[in-house]
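Enquirer: Below are the sequence and a predicted model for it; my questions follow.
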Amino acid sequence: MTVTLFAAVVISMLASSVYSYPSFQTKIPNGDKVPSPCNRSTIWMGVGHHNPMGGGQLNPFGEDFEDNGFTWNKTICQKDSDGDGLSNGQELGDPNCTWLKGQSPERTMNLSHPGVCEPFGSTICAGKNTWLTNCNNTKFDCPAINDSGVKNDTLAFPPTSVPTDETTYICHLFRLPNDSDADIIAIEPVIDNMEIMHHMLLYGCSGDVSRITHNESYLCGMGGGMECNSLIGLWGVGVAGQCLNPQLGFRIGPTGYQYAVLQIHWNNPMHKPNLTDSSGMRIYYTTQLRKNRGEIMIVGQDSLEIPPGNNNVSFSGSCAALCTKAVMNQSVYITSSILHMHLLGKSGIIRLYRNGQLLQVIDEVASYDYNTPTMIEFKTPIEMKPGDAIKVDCTFDATQRNTTTYWGEGTSDEMCYGFFAYYPQIRDLNFCGQWKSVDVCGTKTVMSERCDLPTFLTNTGSLPTLCSANCTNSKCANAVNAALMTGCQRDDDVRAFIQNYIGMSPVWNVLANCALVQPPQSTVCTTPGANPVPSHCSLMRSYSGSVPLMAFVVYILRQF
């Protein structure tokens, strides 16, 4: 069953609409901040339209704004378009009708929709919102939270100053209820300042949290840190909440997570000062434990480079078969799926493969909208076996960009991920994806189909020390030989991954220098009748004295 979690749309799914209504947003005060009356955690960006996406039929405010020549002045400001007793200016944060285009409105908080009569059900609004349909579909609907014995706890930041930087990741460590084992069964957002909220992630902590700042918020990166890397909750603009499949829960208490890190991404593109926020999440939990412990797995691509001006650029990232074989000792069952890209996201598809053959399409989004992603929930969970693979394909439209867009944490950067709730929990399956063609299997294992990367990483960490004095000592020569035996020196993606992603440039410097001074001999290469000859053997045998030294140097350097 497809469950749409976002009611308000910030960017239209149709390219013709995407760039039409933002110009109108700037013509009214707080035009990009009007909350949806259906769900206060969402933004209704097409303020003058029936459709939150913009485009199509006009609502009462849109009709009045059109009649006024699409101009904000005292006439339209003092008018009460929706008939709820408040002027349009009062609802949009310009109660004194003094706002001019380009200025900051008198008020940016406590806004309401000038085209929707509120409160719903009141006498004054009787018969005035007949055009507003499906409003209740966006409210958090999770019958399980009303079950006997279900408790809740709010994990909210204290009032915290928001930096003027466009992108800020901030974290806070919370102690979870731990009187007895319990399962989190639902999560609901608690939004304080919708103006700067981008997303929230909740990470369960399995490691020692004594090194993490307690009792105050702190700047952080995208993850929760090595101690807290199990994703158990997520929210994005417009999400009503998470209601977990009855087959699983996120275990807290003495045998589960006792601490959690809540990470918030603030987006402040206008670099506004003097903003604060105290948003968070409300967790619903029960001591009536569910059958399975669950977790959220992320699959995707950690390296993107999208050229400007192109409307059809595709990237993919997989949780490869070799990864699931390495980290899974049993089948897992996927209960929900959601595709995640940023503003350039155009379309995407998520597939499950078995034995190299397509088994089924998990999710397909023909017209992706960053602010209106759709979560797929499976009444019958999808089985993923060890050796299966999940592939996430993302297509981007960069026609409105004039510079290259890279993978990154900011809203204007890009991502390509699928998020999957599943059970039973596998400790090292929280991230299973790729950096270019290098497979990243959880937090501990990286692999490549083209070289023995685990062996390379294991045997090369000591190279800078072993070869610090010279390259001719036997320990250095043997270590260099072992590294070359893996074949990883010939793989451009592996080289870039090790140099840039995990910071091992010194290793490559040693390999390049020491392979030139004294190319080590491999017992495999000299074994009579070895067939096929390992790829590194021709490299080492090239240095025979009959080949000019400079030619050999150039040849070797091309391998690194």
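Expert: Nice, I can see it. Numbers count the residues shown, from 1 in each chain.
Enquirer: Report how many residues lie close to the residue nearest to residue 283 when sequence neighbours are not counted.
Expert: Distance criterion C-beta to C-beta, 6 or more residues apart in numbering; nearest residue to residue 283, sequence neighbours excluded, is residue 184 at 5.1 Å. Just so you know, the C-beta spots here come from the backbone N, C-alpha and C atoms, and that holds for glycine as well. Residues contacting residue 184 under the criterion other C-beta atoms under 10 Å number 30.
Enquirer: do the same with residue 73
Expert: Residues contacting residue 73 under the criterion other C-beta under 10 Å number 12.
Enquirer: check contacts around it.
Expert: Shown in contact with residue 73 (C-beta atoms under 8 Å, 6 or more residues apart in numbering): residue 97.
Enquirer: From residue 364, how far out is the closest residue in space to residue 102 that isn't next to it in sequence?
Expert: Leaving aside its chain neighbours, residue 102 sits nearest to residue 26 (7.8 Å; criterion: C-beta to C-beta, 6+ apart). According to C-beta to C-beta, to the nearest Å, residue 26 and residue 364 sit 35 Å apart.
Enquirer: ok, back up a step: let me see the contact set for the residue nearest to residue 283.
Expert: Taking C-beta under 8 Å, 6+ apart, we find residue 184 in contact with 232-233, 244, 249-252, 283-285.
Enquirer: what is it paired to in the beta sheet?
Expert: Listed by DSSP bridges, the beta-bridge partners for residue 184 are residue 250, residue 285.
Enquirer: and the gap between it and residue 175?
Expert: Here residue 184 is placed at a distance of 14 Å from residue 175 (C-beta to C-beta).
Enquirer: ok, back up a step: how about the contacts of residue 184 in CSV, adding pLDDT, distance to residue 167 and neighbour count?
Expert: Listed next are these as CSV, based on pLDDT from 0 to 100; distance: C-beta to C-beta, whole Å; neighbours: other C-beta atoms under 10 Å:
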residue, pLDDT, distance to residue 167, neighbour count
232, 92, 24, 28
233, 91, 21, 24
244, 93, 30, 25
249, 95, 33, 26
250, 95, 28, 31
251, 96, 33, 23
252, 96, 30, 24
283, 97, 26, 26
284, 97, 30, 23
285, 97, 32, 24
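Enquirer: Which one of the residues you listed is nearest to residue 85?
Expert: residue 284 (36.0 Å; C-beta to C-beta).
Enquirer: Can you tell me the closest non-neighbouring residue to that closest one?
Expert: residue 186 (4.1 Å).
Enquirer: you'd agree the one you found is in a strand?
Expert: Yes - assignment of residue 186 by DSSP: H, G, I helix; E, B strand; the rest coil places it within a strand.
Enquirer: can I assume it is in contact with residue 240?
Expert: No - assessed by C-beta atoms under 8 Å, residue 186 is found out of contact with residue 240, at 10.7 Å.
Enquirer: just the strands in the stretch 351-500 of the chain please.
Expert: Assigned by DSSP state E, counting those that start in this stretch, the stretch 351-500 of the chain shows strands spanning 357-365, 374-384, 389-396, 405-406, 416-423, 432-435, 438-441, 445-447.
Enquirer: between those, which one is nearest to residue 347?
Expert: Evaluated over the strands of the stretch 351-500 of the chain, closeness to residue 347 peaks at strand 389-396, with 4.7 Å, by C-beta to C-beta.
Enquirer: Quick check, residue 385 in contact with residue 331.
Expert: Yes - Residue 385 is within contact range of residue 331, at 4.9 Å (criterion: C-beta under 8 Å).
Enquirer: So between those two, which is more surrounded?
Expert: It is residue 385, of residue 385 and residue 331, that has more neighbours when counted by other C-beta under 10 Å, with 16 against 12.
Enquirer: for the more buried one, what are its contacts?
Expert: 324, 328, 331, 354.
Enquirer: and which of these is nearest to residue 225?
Expert: For the contacts of residue 385, the nearest to residue 225 is residue 328 (24.4 Å; C-beta to C-beta).
Enquirer: gap between the nearest residue to that closest one once chain neighbours are set aside and residue 505?
Expert: The spatial neighbour of residue 328 that comes closest, neighbours along the chain excluded (C-beta to C-beta, 6+ apart), is residue 386 at 4.2 Å. Applying C-beta to C-beta, the value for residue 386 to residue 505 is 35 Å.
Enquirer: Same question for residue 102.
Expert: From residue 102 over to residue 505 (counting by C-beta to C-beta), the distance is 47 Å.
Enquirer: So which of those two has more stuff around it?
Expert: residue 505 (13 against 6).
Enquirer: Quick check: bridge partners of residue 352?
Expert: Beta bridges link residue 352 to residue 360, residue 390, judged by DSSP bridges.
Enquirer: Could you measure from residue 182 over to residue 285?
Expert: Distance of residue 182 to residue 285, computed by C-beta to C-beta: 4 Å.
Enquirer: Quick check: neighbours shared by the two?
Expert: 151, 252.
Enquirer: Off-centre distance for stretch 492-510?
Expert: Its chain's C-alpha centre and that of stretch 492-510 lie 25 Å apart, by C-alpha atoms, centre = their mean, to the nearest Å.
Enquirer: ok, and for it, which residues are buried?
Expert: Neighbour-count burial for stretch 492-510, counted by 16 or more other C-beta atoms under 10 Å, picks out 493-495, 497-499, 504, 506-508, 510.
Enquirer: next one: stretch 265-273
Expert: For stretch 265-273, by 16+ other C-beta under 10 Å, it's 265-268.
Enquirer: With stretch 145-155 instead?
Expert: Across stretch 145-155, burial judged by 16+ other C-beta under 10 Å covers 145, 150, 155.
Enquirer: And stretch 166-183, by the same measure?
Expert: 167-174, 176-177, 182-183.
Enquirer: Output it as PDB, nothing but the C-alphas.
Expert: The C-alpha trace of stretch 166-183 is given here as PDB (Å, rounded to 0.1, in the frame of the first residue of the first chain):
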ATOM      1  CA  GLU A 166      22.900  28.000   5.300                       C
ATOM      2  CA  THR A 167      23.400  24.400   6.500                       C
ATOM      3  CA  THR A 168      23.800  23.300  10.200                       C
ATOM      4  CA  TYR A 169      23.800  19.800  11.700                       C
ATOM      5  CA  ILE A 170      23.200  19.900  15.400                       C
ATOM      6  CA  CYS A 171      22.800  17.000  17.800                       C
ATOM      7  CA  HIS A 172      21.600  16.300  21.300                       C
ATOM      8  CA  LEU A 173      22.100  13.200  23.500                       C
ATOM      9  CA  PHE A 174      19.000  11.900  25.300                       C
ATOM     10  CA  ARG A 175      18.600   9.200  27.900                       C
ATOM     11  CA  LEU A 176      15.700   6.900  27.000                       C
ATOM     12  CA  PRO A 177      13.200   5.400  29.400                       C
ATOM     13  CA  ASN A 178      15.000   2.300  30.800                       C
ATOM     14  CA  ASP A 179      13.000   1.100  33.800                       C
ATOM     15  CA  SER A 180      12.300  -2.100  31.800                       C
ATOM     16  CA  ASP A 181      12.600  -3.400  28.300                       C
ATOM     17  CA  ALA A 182      10.200  -1.700  25.900                       C
ATOM     18  CA  ASP A 183       9.700  -1.200  22.200                       C
END
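Enquirer: how far away is residue 357 from residue 316?
Expert: Distance of residue 357 to residue 316, given as C-beta to C-beta: 17 Å.
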